[in-house]
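Quick one, fold the following:
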Amino acid sequence: MSDLEKLSEIYDEHLLEILRNGRETLDKEGNLVKAPVSAADLNVIRARLKDCGITAATTTNNPIGNIVAEMKLRGAKLPRISDDPDAAIA
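Alright, predicted model coming up:
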């Protein structure tokens with residue numbers, strides 16, 4: 001696995017963690033607090049799914065597949081991902 005593939009997998013796993021559990025942030029006093037997943041988080045995840053349309057096969061064994069499944073559970077309407085090899089540049 002190349003460094004770029006490893007980085008991509010780590011990024012996808014992080015997005016899945018945010019989707020499932022929200023994110024941890026610091027409050028004004030510096031305490032760690034749990035924040036629910038935001039619209040901005042969901043938009044980043046949606047964009048990632050769209051960007052990976054031709055490069056990531058969704059399976060039950062990879063983070064992208066898990067993100068798709070989680071988004072569907074939450075009622076998100078996902079775009080149909082084209083099988084066209086030039087879909088990413090269309």
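
The protein: strands as residue ranges?
Using DSSP state E, the strands assigned to the chain run over residues 23-26, 32-35.

Let's have these in CSV, adding distance to residue 6.
Any C-beta I mention is one placed from the backbone N, CA and C, and that applies to glycine too. Listed next are these as CSV, based on distance: least, C-beta to C-beta, whole Å:
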stretch, distance to residue 6
strand 23-26, 22
strand 32-35, 27
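
Ok, which of the ones you listed comes nearest residue 63?
Nearest of these to residue 63, taken as C-beta to C-beta: strand 23-26 at 16.6 Å.

could you list every residue that touches residue 28?
Counting by C-beta atoms under 8 Å, 6 or more residues apart in numbering, residue 28 touches no other residue.

hang on, the earlier thing: as JSON lines, the strands of the chain with mean neighbour count, distance to residue 3 and mean pLDDT would be great.
Formatted as JSON lines, those follow (neighbours: other C-beta atoms under 10 Å; distance: least, C-beta to C-beta, whole Å; pLDDT from 0 to 100):
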{"stretch": "strand 23-26", "mean neighbour count": "11", "distance to residue 3": "26", "mean pLDDT": "90"}
{"stretch": "strand 32-35", "mean neighbour count": "10", "distance to residue 3": "30", "mean pLDDT": "92"}
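
Please identify which of these is closest to residue 77.
It's strand 23-26; of those, that one is closest to residue 77 (C-beta to C-beta) at 23.0 Å.
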